[in-house]
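Chemist: Give me the fold of what follows.
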Amino acid sequence: MKEKSYEELGLNKPEYERIVEILGREPNYLELNIFAAMWSEHCSYKSSKDLLKMFPNSGPAILQGPGENAGIFDIGDGLAVAMKIESHNHPSAVEPYQGAATGVGGIIRDIVAMGARPIALLNSLRFGSLDRPRVRYLFDGVVAGIAGFGNCIGIPTIAGEVYFEDSYEGNPLINAMCVGIVEKDKILKSGAKGIGNVAVLVGSATGRDGMHGAAFASEELDEKSEERRPSVQVGDPFMGKLVMEACLEMLERGLIVSLQDMGAAGITSSTSEMAAKGSMGIDVHLENIVLRELSMLPYEIMVSESQERMLVLTKPQDLGKVYEVCARWGVSANAIAEVTDNGRLKVFKNGELLADIPAVDLMKGTPKPDLRSEPPSWQHELNSRSEIDLLPISEIKTVFLKMLSSTNNCSKQWVYSQYDYVIGTNTIGLPSADSAVIRIKGTNKALAFKVDGNGGYCYLDPYVGGQIAVAEAVRNLVVRGARPVAITDCLNFGNPEKPEIYWQMENCVSGMADACRKLHVPIISGNVSLYNESFGDPIYPTPVVGIAGLIDDADLHQTPQFKNAGDVIYILGNTQAELCGSELQKLLMGEIYGLCPRIDLQKERALHDCLLSLIKNRLIRSAHDISEGGIALAIAECCIIGNIGAEVKAESNLNAYEFLYSESQSRALVSLRPENEEQFLEQCSRFSMSAHRFGTVGGSRISIAGLFEVELKEAAEAWHMTLPKKMEV
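Modeler: Numbering: from 1, shown residues only. Next comes the predicted model:
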């Protein structure tokens, strides 16, 4: 076998020189592979860790912030919630089914590693145009992979989002989120403790699948990417289920000292991170590792990313009990390492020392890259354009139906109907609501979850786009009656070595951080995915926000659909002439440009407080966020989901297109009983919230006075049938 140079393994010269300095000698090939895996962008966060320091990550309910496998917040009654989101973008671009499936499997193991039982999955997906056969292939495979793993392992996939933009054609985004419940006194950490304690590899045998997966995730896609299929891991949800249950039983029996997921960089990352986080050392014995192929070389064993594996640290006297639990679940378990006090990762085979590396330097010693931040040369010209060729008013009904049937705005039932979103019997409502709600058994509480992001806004203005990503995610929880508690984020960007990309990262993170502080929602975990480019073309800067909130009384959860004829419809918040970056601009102009909508975070917070008060006092019967597609799409969704029409008036000093399709922020659409109108307006006034009477619920059509009428059946068909028709091609 020809050994690869350090450059071929993804290291640069300063990094190699730093390795020599750390070791006091030239590394051998095994050590070089270990450093290359741990110092990859995917594992080290070397280009983003300084930026991440901007995020607030603490709060009254926060029990665990960034730095562990997942963040955790307190929900009372002795319980806590673990949450994390991660990307599996590059693997899914070359092998969509397994790329997506193993993304789901990996994020589940992160939650289990905290001692929590996973209760729900979410996902955020981005693709190119479905008019292209390869995009349909990727989309179909990814959805099937998410369903194939989540359904089989028995965890409901309760919410998500899907967008189609040309910038994602060669590099789709597959972000998977998982949340779990843990008893507060049983939370696990990954740091090693106790000299002589034994590390047990639990789960599947180690093979050559997923070789150099961490490095693959840290480079741009090009014409050679298809050759990287061996870097894509292969999932096994049935084994994943057994490993999960075995680990949770060991936790229940008090057999686990610490627990670590075996994901990117495999045994290398799980052992070195366990040692470094605990300020300990660890000796690994390769001869004890069960292999699928006996010819595997030491470096292949150490960096393999074979799935469904966990590293369990236990006391020597409990080793027999660990084996007993694993045997009962039909899971392989082998002691492969022990904790030492020397702070070093040492790798042995049959007593021969093959690698000797300081664990802390391996985890934290990556040289900081020299990155410059400059706005793109095209940014000013992009923002200076604002003209939009609006169609005659006579075409406004046609535009309405086209907006309903666009791939970004249409129903995503084709996607979520493939997911089991009710297994476990805790899910409240369908995935078509603004956010998903899960009841907490044994209490009257519920949890709300959502993933959200808008790459187009961030492309036009990274700072404001970052603010909106947070604000809209929060708004999607509030309209369900949930008080937002914590965020997990996935930051998807292009190549940070390009100054314009780093500028986008810097500004997006700054905008998100400011919004988190002003809306009082900390970021407690997350993931950074860089080098999302294909043939040198970057994706839109796409920060995805996964958010969790608490509903103290599950009976008060709100829904978006209209309920009863005669109910009054109101718009909360003000509408401005903001069409740049909107779905209408994409439809009419085929591109976006100009300035994205502005946001006033004080007004946003006032909207949240007002909505929560209205819901708590039972003054409204429905609530729905107004965002992409504007008021027109919001009213259509409330009618279609509720299977009841509405008659409204577009009274405004704006033109009809601006009023109906503006994507102004800090707005919501609500309905209420006429007899509650006076109290409703008093509450809005108390929060200084503008409320505009929009119309009434009822009938079998969506009627916008003076402009157009559409039969509800016609609107529903346009909204529901787009994806099935596209995927039948």
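Chemist: contacts, neighbours, all on C-alpha from now
Modeler: Fine.
Chemist: Doesn't I158 belong to a helix?
Modeler: No - per DSSP: H, G, I helix; E, B strand; the rest coil, I158 lies outside any helix segment and is strand.
Chemist: ok now do it, which residues does it touch?
Modeler: Applying Cα atoms under 8 Å, 6 or more residues apart in numbering, we find I158 in contact with 120-122, 421-422, 427, 431, 436.
Chemist: which non-adjacent residue is nearest S386?
Modeler: The spatially closest residue to S386, leaving aside those adjacent along the chain, is G594, at 5.0 Å (Cα to Cα, 6 or more residues apart in numbering).
Chemist: swap that for A448, sorry
Modeler: In space, A448 is closest to V437, 4.3 Å off (Cα to Cα, 6+ apart).
Chemist: As CSV, could you dump the C-alpha coordinates of the host helix or strand of the one you found?
Modeler: Per DSSP states H and E: V437 is located in strand 436-439. The C-alpha trace of strand 436-439 is given here as CSV (Å, rounded to 0.1, in the frame of the first residue of the first chain):
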residue,chain,number,x,y,z
ALA,A,436,-44.1,20.2,16.2
VAL,A,437,-45.4,19.5,19.7
ILE,A,438,-44.6,16.4,21.8
ARG,A,439,-46.3,15.7,25.1
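Chemist: Report the secondary structure state of the residue nearest to S386.
Modeler: G594 ends up coil, using three-state DSSP.
Chemist: ok, back up a step: hmm, K450 and the residue nearest to A448 touching each other?
Modeler: No - taking contacts as Cα atoms under 8 Å, V437 lies outside contact range of K450: 9.2 Å.
Chemist: quick one, which of these two is more surrounded?
Modeler: Neighbour count, other Cα atoms under 10 Å: between V437 and K450, V437 has more, with 32 against 29.
Chemist: Contact partners for the more buried one?
Modeler: Per Cα under 8 Å, 6+ apart, neighbours of V437: 427-429, 446-449.
Chemist: In those, which residue is surrounded by the most others?
Modeler: F449 (30 neighbours).
Chemist: What strand or helix carries it?
Modeler: Using DSSP H and E, the element containing F449 is strand 446-452.
Chemist: count of neighbours near the residue nearest to S406 when sequence neighbours are not counted?
Modeler: Distances taken as Cα to Cα, 6+ apart place T722 nearest to S406, at 7.2 Å, with adjacent residues excluded. By other Cα under 10 Å, 20 other residues sit near T722.
Chemist: Tell me how far T722 lies from D489.
Modeler: Distance check for T722 against D489: by Cα to Cα, to the nearest Å, it reads 30 Å.
Chemist: now V470
Modeler: Applying Cα to Cα to V470 and D489 gives a distance of 10 Å.
Chemist: Now do the shared contacts for the two.
Modeler: When contacts are counted by Cα under 8 Å, 6+ apart, V470 and D489 are jointly contacted by V545.
Chemist: Quick check: beta-bridge partners of the residue nearest to A448?
Modeler: I428, A448 (DSSP bridges).
Chemist: returning to that earlier point: the strand holding F449 - contacts with which helices or strands?
Modeler: strand 117-127, strand 157-164, strand 436-439, helix 462-478, strand 542-551 (3 or more Cα pairs under 8 Å, 6 or more residues apart in numbering; DSSP states H and E).
Chemist: Select the helix or strand of the protein having the lowest average pLDDT value.
Modeler: Lowest by mean pLDDT, DSSP states H and E among the helices and strands of the chain is helix 213-216, with a mean of 53.
Chemist: Which helix or strand lies directly C-terminal to that helix?
Modeler: Using DSSP H and E, the helix or strand that directly follows helix 213-216 along the chain is helix 237-252.
Chemist: In the contacts of I158, which has the lowest confidence score?
Modeler: Among the contacts of I158, P431 carries the weakest pLDDT, at 85.
Chemist: how about that residue, secondary structure?
Modeler: Using three-state DSSP, the secondary structure recorded for P431 is coil.
Chemist: Contacts only, for it.
Modeler: P431 neighbours (Cα under 8 Å, 6+ apart): 158-160, 416, 421.
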